[in-house]
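> got a predicted structure here, sequence first:
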Amino acid sequence: MKTAVLLCLVAVAAADQYARIVNYQSGIDEDGSYDAEYETTNGIKAKEDGISYPGNLPNTGNYVMSGTYSYTWEGKTYTVTWTADENGFHPEGDHLPDFSHTREHIGFVDDHL
């Protein structure tokens, strides 16, 4: 999921071929948590943090992550606040539709496995 958010922001940055990263910081702690942030010369800013919860079997477990990113398009700044967990990616922003009722209709991922 982290990769998906990064790819979206890279696509926006690609619109400005001269944009450069002016700040990038990240870290991983001993408990499996991490944080990262960056900013570009064309005003894109992103911050996220998360933690890995290993499962009982190899290749199981999940990440719980949250973050925010913002960018400017045609003079207006758009901000997305998001969380991601075993039930998917959950973005929120004034410019995005409200999907908060979706779980009431389709349930949780585990309900369909």
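Everything's here; your move. Just so you know, these numbers come straight off a predicted model, no measurement behind them.

> what about Gly75, how many residues nearby?
5 (other Cβ atoms under 10 Å). The C-beta positions use only the backbone N, C-alpha and C, and glycine is treated the same way.

> distance between the ends of stretch 41-60?
39 Å (Cα to Cα, to the nearest Å).

> how about it: buried residues?
For stretch 41-60, burial by neighbour count (16 or more other Cβ atoms under 10 Å) applies to 42, 44-50.

> I'd like those residues as TSV, with secondary structure appended.
Output for those, formatted as TSV (DSSP: H, G, I helix; E, B strand; the rest coil):
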residue	secondary structure
Asn42	coil
Ile44	coil
Lys45	strand
Ala46	strand
Lys47	strand
Glu48	strand
Asp49	strand
Gly50	strand
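
> of those, which is the nearest to Thr79?
Lys45 (8.9 Å; Cβ to Cβ).

> isn't that closest one right next to Val22, touching?
No - using Cβ atoms under 8 Å, Lys45 is not in contact with Val22, being 10.1 Å away.

> please enumerate the shared neighbours of the two.
Glu39 (Cβ atoms under 8 Å, 6 or more residues apart in numbering).

> contact partners for Ser52?
32-33, 61-63.

> following the chain past the lengthiest strand in the chain, name the next helix or strand.
If you go by DSSP state E, the chain has its longest strand at strand 61-73. Using DSSP states H and E, the helix or strand that follows strand 61-73 in sequence is strand 76-85.

> follow-up on the earlier one: of the contacts of Ser52, grab the buried ones for ChimeraX.
Typed into ChimeraX, the line below selects the buried ones among these, using 16+ other Cβ under 10 Å:
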select :63
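
> before we move on, the earlier item: rebuild the buried residues of stretch 41-60 as JSON lines, extending it with pLDDT and distance to Val80.
As requested, the buried residues of stretch 41-60 are exported to JSON lines (pLDDT from 0 to 100; distance: Cβ to Cβ, whole Å):
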{"residue": "Asn42", "pLDDT": "91", "distance to Val80": "17"}
{"residue": "Ile44", "pLDDT": "94", "distance to Val80": "11"}
{"residue": "Lys45", "pLDDT": "96", "distance to Val80": "11"}
{"residue": "Ala46", "pLDDT": "97", "distance to Val80": "9"}
{"residue": "Lys47", "pLDDT": "97", "distance to Val80": "11"}
{"residue": "Glu48", "pLDDT": "97", "distance to Val80": "11"}
{"residue": "Asp49", "pLDDT": "97", "distance to Val80": "15"}
{"residue": "Gly50", "pLDDT": "96", "distance to Val80": "16"}
